[in-house]
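Asks: All I have is the shape, not the residue letters:
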Ligand SMILES: [Zn+2]
């Protein structure tokens, strides 16, 4: 069926549908019609996907401090104005400026063989001739500790199989300093993600203040397993790591903000958004260009349909999530005096795959409200409310203000793609972008418009 016709039929069904009497609160009834219109408008085109494709194709990767990011920020400002959003502006943020430079890692003995790698974000570089040493492969921190003095003078390879991101990312974040404290010369980390196609995943490391800073890079799952097998056979492998990575002076960047001003209580704001910076490989389409575009879409859809909620809806495209979180912190500092007017914050930073609903953290009463609103999304199967929600960029403000927090929940293999050269638009389904935009638009519109304000704990 033609997509326009399909959408019209869906909107009619959504408007006509009524819950069984008593099953849903009556305050929700006035929202069935605008919700159906928002969903219909979102699903009637590929606007969101096309905008994300344009962003990635035009500007590429958007690492903090890069001209790519700053040019993309200026483009976003112009586009928001073109959309007719209000109070479009930037808020200045000083961001770290780390650059990768040339880099390589190769087995030099027993037989020469280059490995696929990506230096870890914020790593120091090596001397120009590189660091060459025998490797010691460990699967866990316990194995590292057990190796004792054998760590000294080695390049440690952390070959931790991926379980969850939260669990496995410890080896990337803390592994370099743990090994440095035992006098290792450098670290190679098995990429934090499920097995892919020999694709390395970068991401930030976190040097401890009390250990020497040693260079660290990610290698692929395949190469980490190869080094493990060679060690298990009793073969001593020697590698050479070369990295030009370094920090330049902090750079100027900006959070981008656009609004639909509230018609009755403009000072009260529902804040939604994603982070506009990315790693310096791929085009940051999944992490997190998609999250930026689908939250931004919520405002564009309201504007297009002439829906002006009671309270203000604000989209924020945060800068420097990946290697500093300075955008999220700067937002808090700038708006610290206004936290009481923040009704709720929502971040989309888990990729844009088929949306299933939202994660929510807040009071029981607020959860009941959000759960009721989500029933408006049954028609696109995005009505599930998960036990907790939040995001890195909204975290500082949510914590400081003890605010209700949400995140978009999706069904997709985010960690296969993120922080890799494969994070490009072709992994994203245009219909998923439209559905996610619809879900966020409906949730945000009702939260901003409902007569009684959502209550914090
Ligand atoms: Zn992200």
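Replies: Received the coordinates, thanks. None of the values given here were measured: they were computed from a predicted structure. Numbering: from 1, shown residues only.

Asks: quick one: buried residues of the stretch of helix or strand residue 296 belongs to?
Replies: If you go by DSSP states H and E, residue 296 is part of helix 290-305. By neighbour count with 16 or more other Cβ atoms under 10 Å, helix 290-305 contains the buried residues 290-304. Placement of C-beta: from N, CA and C, glycine included.

Asks: do stretch 176-194 as well
Replies: For stretch 176-194, the neighbour count (16+ other Cβ under 10 Å) marks 176-180, 182, 184-193 as buried.

Asks: Likewise for stretch 124-142?
Replies: 124-126, 130-133, 135-139, 141.

Asks: and those, which of them are in strands?
Replies: 131-133, 135-138 (DSSP state E).

Asks: what's the farthest-apart pair in the residues you listed?
Replies: 132 and 138 (19.6 Å; Cβ to Cβ).

Asks: For the ion, what is the nearest residue in the stretch 1-150 of the chain?
Replies: residue 62 (11.5 Å; Cβ to the ion).

Asks: any idea how far the ion is from the spatially most central residue of the chain?
Replies: Note on the chain: the residue nearest the mean C-alpha position is residue 349, at 3.2 Å, using Cα atoms, centre = their mean. With distances taken as Cβ to the ion, to the nearest Å, residue 349 is found 4 Å from the ion.

Asks: picking that back up, show me which pair in the buried residues of stretch 124-142 is furthest apart.
Replies: Within the buried residues of stretch 124-142, 125 and 139 form the most distant pair, 27.3 Å apart (Cβ to Cβ).

Asks: Nearest residue to the residue in the stretch 51-200 of the chain positioned nearest to the ion in space, please, no chain neighbours.
Replies: Residue nearest to the ion within the stretch 51-200 of the chain (Cβ to the ion): residue 165, separated by 11.0 Å. Using Cβ to Cβ, 6 or more residues apart in numbering and skipping residues adjacent in sequence, the residue nearest residue 165 is residue 415, 5.5 Å away.

Asks: what's the burial count for the one you found?
Replies: For residue 415, the neighbour count with other Cβ atoms under 10 Å is 22.

Asks: okay but residue 132 is in contact with residue 108, surely?
Replies: Yes: between residue 132 and residue 108 a contact is recorded at 6.4 Å, counting by Cβ atoms under 8 Å.

Asks: Now do the shared contacts for these two.
Replies: Common contacts of residue 132 and residue 108 (Cβ atoms under 8 Å, 6 or more residues apart in numbering): 238-240.

Asks: still on that earlier bit, from what I can see the residue nearest to the centre of the chain touches residue 390, true?
Replies: No: the criterion here is Cβ under 8 Å, and residue 349 misses it with residue 390 at 9.7 Å.

Asks: what's the offset of stretch 301-312 from the middle of its chain?
Replies: 26 Å (Cα atoms, centre = their mean, to the nearest Å).

Asks: I meant stretch 199-215, not that one.
Replies: 20 Å.

Asks: Enumerate the positions of it that are buried.
Replies: 199-205, 207, 211, 214-215.

Asks: Name the residues of stretch 416-430 that are buried.
Replies: Quick answer for stretch 416-430 (16+ other Cβ under 10 Å): 416-425, 427-428, 430.

Asks: And the top helix by length along the chain, what's buried?
Replies: Longest helix of the chain, by residue count under DSSP state H: helix 430-449. Within helix 430-449, the residues that qualify as buried are 430, 432-449, counting by 16+ other Cβ under 10 Å.

Asks: before we move on, what about stretch 253-272?
Replies: For stretch 253-272, by 16+ other Cβ under 10 Å, it's 253-262, 266, 268-272.

Asks: before we move on, the earlier item: which of the buried residues of helix 290-305 lies closest to the ion?
Replies: residue 291 (7.2 Å).

Asks: Next one: the residue lying closest to that closest one once chain neighbours are set aside, what pLDDT does it get?
Replies: Among residues not flanking residue 291 along the chain, residue 274 sits closest, at 2.9 Å (Cβ to Cβ, 6+ apart). Listed pLDDT for residue 274 reads 98.

Asks: before we move on, what about residue 2?
Replies: Residue 2 is assigned 58 on the pLDDT scale.

Asks: do the one 3 residues further on as well
Replies: As predicted, residue 5 sits at a pLDDT of 57.

Asks: One more: residue 318?
Replies: pLDDT, read off for residue 318, is 98.

Asks: Next: the one 10 residues further on.
Replies: Residue 328 is assigned a predicted lDDT (pLDDT) of 98.

Asks: Any chance you could list what contacts the helix or strand hosting it?
Replies: In this structure, residue 328 sits in helix 326-335 according to DSSP H and E. Applying Cβ under 8 Å, 6+ apart, the contact partners of helix 326-335 are 64, 91-96, 253, 255, 275, 277, 316, 318-321, 342, 392-397, 400.
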